[in-house]
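Novice: Give the three-dimensional model of this entry:
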Amino acid sequence: MPKLRRTSQWMSFCLLSVASLFLSQISRANETVLSRISEDVKYLASDELEGRGIGTKGLDKAADYIRAEFQKLGIQSAVEDGTYFQQMEIPDSIFADPEQTKIEIAYSQDQKQTLNLKTDFSPYTIGGTGTVEGNLYFAGYGIQAPDFQYDDYAGQDLKGKIVVILRYEPQQGKEDSVFAGMEITKHSYLRTKLKLAQDQGAAAVIMVNPPFTTKEKPDELEPEDKFGKSSFEIPFLQISQDVFNTLLTHSPIKSSDGKPLATLQDVETELDQNLKPISQPMGNIHLSLNVQFEKKYAQVYNVAGYLPGHGPHAEEAIVIGAHYDHLGYGGAGSLAGGVTAIHNGADDNASGTAALLEMARRIATRRSLLPRRVIFIAFTAEERGLLGSDYYVEHPLYPLEKTVAMLNFDMVGNLQEDQLTVYGTGTAKEFDALVESANESTKLKLNKIEGVMGASDHYSFFRHDIPCFHFFSGFTQEYHTPSDDFETLNIAGMEKIIQFSLNLFDNVVQLESAPEYVKTEKPESHMGRGGMAYLGVLPNYTADVKGLLLNGVKEKSPAETAGLKGGDIITKFGEITVSDIQGLADGLRQYKPRETITVIVKRKKPDSEETEEVSLKVTLGDAGSN
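Specialist: Residues are numbered from 1 along each chain as shown. Model (predicted):
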């Protein structure tokens, strides 16, 4: 018995040692995986990569990094030339032509001043181009507001004049302001002011910041494209407060009781205290200006590789994707208004790119053959309106009719309490059951949504009737700000999402037949902030066209009901000229839900590259109409 007991104890010790060694190996393996994912995110979200903005060297470094990882894994280039880079050219920025854009002020025949571009003045692309000469005419805040018994244009003749106005509206910051207290009214909108001035016959509009707006920040000129593209024919410029004060030294504006106002502060105080317009000619000051813009284009790349399929379904493909671009130094899309700083985009979308790379590693290092081709794509220019994925589906590297599913990672870095949203569970008949099966081991708390949102790259595939998933761990307060850094992420949570997604991929790739597509998009609630009306379009934010190009329209939306479709270019929305997304936004603010308006679009003629103008009646929607 003692010998048997010793033998039993020895066997127990051996089993415990083996179990301990096994658990230790698992722990080390998990640490290796977490470290690998962390290194991917740390690099992609580092300051060195400059926020992976369009036109930055950092975006190119990110592309090189992704390609190098594909190459290490033996993933082949999906691009014929072997570079892995599917190249495209997109509009990057627009700026004033420094050789042609000029302002000269003539105070008298003998006294003239040439202003310096970028320091003394800046033209804006929302206005027109060309040469204008004329006398200056001060028009207060440039507001016509009968609802507040205020009209800067009453009794004024502005035909051919260069109108000078203050930005915003009277009595800013006053709770008892007649202009709706502390609220910003529609009368302060630049587009409202520019339309008024243009309708009054002004030849150009010049704006200056009132002192109230620069109490706690410097008087700064904005980037040329800050307010959108050319919606108006007349040039629109901003001058510095110093330039305006210089104008006043030569020709003071008179107050309502005839006293000279020799500084911008005096002018603001007079208007805000008395709420009486003091519109008037600025003496005999004559100004000549010329505004011309140049466009800058950027070469950008989707990074694409593939693993071949084998067997009867070898010609079918599954795409696994994530966008790797972000906002660079801020600007359009940033929620940190007015801040120029690197937006590292750790969650959006270094996390998704790292998930793509980890999926590639796990799939590529398997010994078993894949029954279907797998295409790995890191998309560019998603933040500009799905430009990279849209380009791919228009110029597919593998036939779309052979592409049977798409899995998209966008913002998977902040899993909280194991809650993961999975969009697209109803886009194929088989998907819901496959999702449940994939989650048996990971046991995530899934928020399953049958339809999809149009805000990420999977939507480009969905529009071409390809079933898709979008994995999303939720928004955070760091979203689209410079605070979206590596330290805010849940790396262990990312690994859990990746394991679930890998399980789901295995379920899809092993299907005996291709998943059966179901068009399940359900319109969302789209009242919008401030009661904005809902149209239901998918804009192309950077297309180099006069108007707003549509990538598509949402199912059962007012746009689809009215007959709008992908490829249309909206040029007019009711009475509002549309040159870009800002023009459409203005229209959705101005017109109300359930109001019927006329929308004019340019549309290609059948079997032709020529376009024709099409007029459509649209009844705008709201949250209650969906």
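Novice: what ranges do the helices span in the protein?
Specialist: 2-44, 57-72, 190-199, 241-250, 264-274, 352-364, 387-394, 431-442, 458-462, 491-509, 558-562, 581-590 (DSSP state H).
Novice: list the buried ones in the second one?
Specialist: Of the residues in helix 57-72, 58-63, 65-67, 69-70 count as buried by neighbour count, 16 or more other C-beta atoms under 10 Å. No exception for glycine: its C-beta is placed from N, CA and C like everyone else's.
Novice: Can you tell me which of those lies closest to Gly134?
Specialist: Leu59 (43.9 Å; C-beta to C-beta).
Novice: Distance of that closest one relative to Met411?
Specialist: According to C-beta to C-beta, to the nearest Å, Leu59 and Met411 sit 18 Å apart.
Novice: What number of residues are in the vicinity of the residue lying closest to Gln113 once chain neighbours are set aside?
Specialist: Using C-beta to C-beta, 6 or more residues apart in numbering and skipping residues adjacent in sequence, the residue nearest Gln113 is Ile105, 4.7 Å away. Neighbour count for Ile105, taken as other C-beta atoms under 10 Å: 21.
Novice: OK, contacts around Ile105?
Specialist: Counting by C-beta atoms under 8 Å, 6 or more residues apart in numbering, Ile105 touches 112-115, 247, 285-287.
Novice: Would you report which members of the residues you listed are assigned to strands?
Specialist: Mapping the contacts of Ile105 onto strands (DSSP state E) picks out 112-114, 285-287.
Novice: just the contacts of Ile105 now: which is nearest Thr365?
Specialist: Of these, the one sitting nearest to Thr365 (C-beta to C-beta) turns out to be Leu115, at 62.7 Å.
Novice: Verify the stated contact: the closest one with Thr101.
Specialist: No. With contact defined as C-beta atoms under 8 Å, Leu115 does not count as touching Thr101 (10.2 Å).
Novice: Please say which of the two ends up with more neighbours.
Specialist: Set Leu115 next to Thr101 and count neighbours by other C-beta under 10 Å: Thr101 wins out with 23 against 18.
Novice: from the chain's centre, how far out does stretch 374-385 sit?
Specialist: 14 Å (C-alpha atoms, centre = their mean, to the nearest Å).
Novice: Spit out the contact partners of Leu307.
Specialist: By C-beta under 8 Å, 6+ apart, Leu307 lies in contact with 75-76, 363-364, 370, 373-374, 376.
Novice: Find the residue closest to it in space, skipping its chain neighbours.
Specialist: Closest residue in space to Leu307, ignoring its immediate chain neighbours: Val374 at 4.8 Å, by C-beta to C-beta, 6+ apart.
Novice: how close does the one you found get to His310?
Specialist: The value you get for Val374 to His310, if C-beta to C-beta is used, is 11 Å.
Novice: next one: Tyr517
Specialist: Distance, Tyr517 to His310, by C-beta to C-beta: 24 Å.
Novice: Could you report the pLDDT at Gly385?
Specialist: For Gly385, the pLDDT comes out at 86.
Novice: Filter the contacts of Ile105 down to just the buried residues.
Specialist: Among the contacts of Ile105, those that count as buried by neighbour count (16+ other C-beta under 10 Å) are 115, 247, 285-287.
Novice: Among the residues you listed, which one sits closest to Arg52?
Specialist: Distance to Arg52 across the buried ones among the contacts of Ile105 (C-beta to C-beta) is lowest for Leu115, with 36.2 Å.
Novice: Run through the residues that contact that closest one.
Specialist: Contacts of Leu115 by C-beta under 8 Å, 6+ apart are 102-105, 121, 239, 243.
Novice: For ChimeraX, write a command that selects the buried ones of those.
Specialist: Buried members of those, defined by 16+ other C-beta under 10 Å, are picked up in ChimeraX with:
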select :102,103,105,121,239,243
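Novice: from the contacts of Leu115, which ones fall inside strands?
Specialist: Those of the contacts of Leu115 lying in strands (DSSP E): 102-105, 121, 239.
Novice: With respect to Glu316, which of those is nearest?
Specialist: Nearest to Glu316 among the ones in strands among the contacts of Leu115, with distances taken as C-beta to C-beta, is Phe121, at 58.8 Å.
Novice: That closest one bridge partners, please.
Specialist: For Phe121, the beta-bridge partners are Leu117, Ile239 (DSSP bridges).
Novice: That one: what's it in contact with?
Specialist: 103, 115, 206, 221, 237-240, 243.
Novice: Which one of the contacts of Leu307 sits in the busiest neighbourhood?
Specialist: The most crowded member of these, judged by other C-beta under 10 Å, is Phe376 (27 neighbours).
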